[in-house]
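Colleague: Starting from these lines, generate the structure:
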Amino acid sequence: SSQAGLVWFPDSAYKTATAIKDFNHEGLPLMVLANWRGFSGGMRDMYEEILKFGSMIVDNLVDFKQPVFVYIPPNGELR
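Modeller: Residues are numbered from 1 along each chain as shown. This is a model prediction of the structure:
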């Protein structure tokens, strides 16, 4: 099935959380190209644990020890 852009779904949120954790483990800085609206909120996504994976992103950012750079492009969204 297709997924809307600018939104994290369970699979992409999990991949993001894992990448953040891996960058931290490797001692690499994190560059975020931010243009997203948030997390999907559909019933199917709730069953597929979007909240769990979204909180993993936050937890891994809190634990991140290297520099974090966030770039929001012109006309980009960050909600």
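
Colleague: any idea how far S12 is from F53?
Modeller: Separation of S12 from F53 (C-beta to C-beta, to the nearest Å): 9 Å. The C-beta positions use only the backbone N, C-alpha and C, and glycine is treated the same way.

Colleague: Which one's more surrounded, those two?
Modeller: F53 (22 against 16; other C-beta atoms under 10 Å).

Colleague: Identify the residue spatially nearest to that one, adjacent ones excluded.
Modeller: In this structure, F53 finds its nearest non-sequential neighbour in A13, 3.8 Å apart by C-beta to C-beta, 6 or more residues apart in numbering.

Colleague: check contacts around that neighbour.
Modeller: For A13, the contacting residues are F39, I50, F53, G54, M56, I57, by C-beta atoms under 8 Å, 6 or more residues apart in numbering.

Colleague: Rebuild those residues as TSV, extending it with secondary structure, distance to T18 and pLDDT.
Modeller: As requested, the contacts of A13 are exported to TSV (DSSP: H, G, I helix; E, B strand; the rest coil; distance: C-beta to C-beta, whole Å; pLDDT from 0 to 100):
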residue	secondary structure	distance to T18	pLDDT
F39	strand	16	59
I50	helix	15	75
F53	helix	9	82
G54	helix	13	82
M56	helix	8	90
I57	helix	10	88
